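> I'd like to go over a predicted model; first the sequence, then the structure.
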Amino acid sequence: VQLQASGGGLVQAGGSLRLSCAVSGGTFSYYDMGWFRQAPGKEREFVAAISRDGGRTEYADSVKGRFTISRDNAKNTVHLQMNSLKDEDTAVYYCAASGAMRWPPKPYDSWGQGTLVTVSS
């Protein structure tokens with residue numbers, strides 16, 4: 001499958017952004033989906049995941065209560081609503097798809113190109 005992330009940009013601390021990931025080339029509902037991020041000089045880290053039917057979600061402790069992952073299987077898209085953004089949320093955000101039929105999803109088979117989120121204080 002191919003993944004195309006969008007929605008990144010520059011936002012002030014405390015603000016909100018909504019990322020989207022459009023998926024094509026496969027049956028979207030067969031995949032658990034995840035969001036990851038990589039800040040400058042740091043390793044890529046897990047942010048959030050959602051099961052193929054949307055019934056289960058998982059979040060990194062650093063974003064719990066601020067970020068919400070959702071999906072629309074009719075539109076082959078997954079979203080990441082980010083509220084109360086902090087400086088430390090600045091990173092390139094990647095969406096990923098996992099067809100492994102495990103929970104939490106692992107491994108992720110396909111990755112998008114990333115979208116940059118910059119939070120300014």
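Happy to help now that I have it.

> mind listing the strands for the protein?
Using DSSP state E, the strands of the chain run over 2-6, 9-12, 17-24, 32-38, 45-50, 57-59, 67-72, 77-82, 91-98, 110-111, 115-120.

> In CSV, please show the C-alpha coordinates belonging to stretch 76-86.
Once non-C-alpha atoms are left out, stretch 76-86 reads as follows in CSV (Å, rounded to 0.1, in the frame of the first residue of the first chain):
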residue,chain,number,x,y,z
ASN,A,76,-9.2,5.1,3.4
THR,A,77,-7.8,7.7,5.7
VAL,A,78,-6.4,7.8,9.2
HIS,A,79,-6.2,11.0,11.3
LEU,A,80,-4.3,12.3,14.2
GLN,A,81,-5.9,15.1,16.1
MET,A,82,-3.3,16.9,18.1
ASN,A,83,-4.4,19.4,20.8
SER,A,84,-2.5,21.3,23.5
LEU,A,85,0.7,21.1,21.4
LYS,A,86,4.0,21.5,23.2
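
> Quick check: buried residues in it?
For stretch 76-86, burial by neighbour count (16 or more other C-beta atoms under 10 Å) applies to 76-80, 82, 85. Every C-beta, even on glycine, is put in place using the N, C-alpha and C of the backbone.

> Can you tell me what sits against it?
11-24, 28, 33, 35, 47-48, 50, 63, 66-72, 89, 93, 95, 117, 119 (C-beta atoms under 8 Å, 6 or more residues apart in numbering).

> same thing but 6 Å
11, 15-23, 28, 33, 35, 66-71, 119 (C-beta atoms under 6 Å, 6 or more residues apart in numbering).

> Mind checking the pLDDT average for it?
The average pLDDT within stretch 76-86 is 98.

> Off-centre distance for it?
7 Å (C-alpha atoms, centre = their mean, to the nearest Å).
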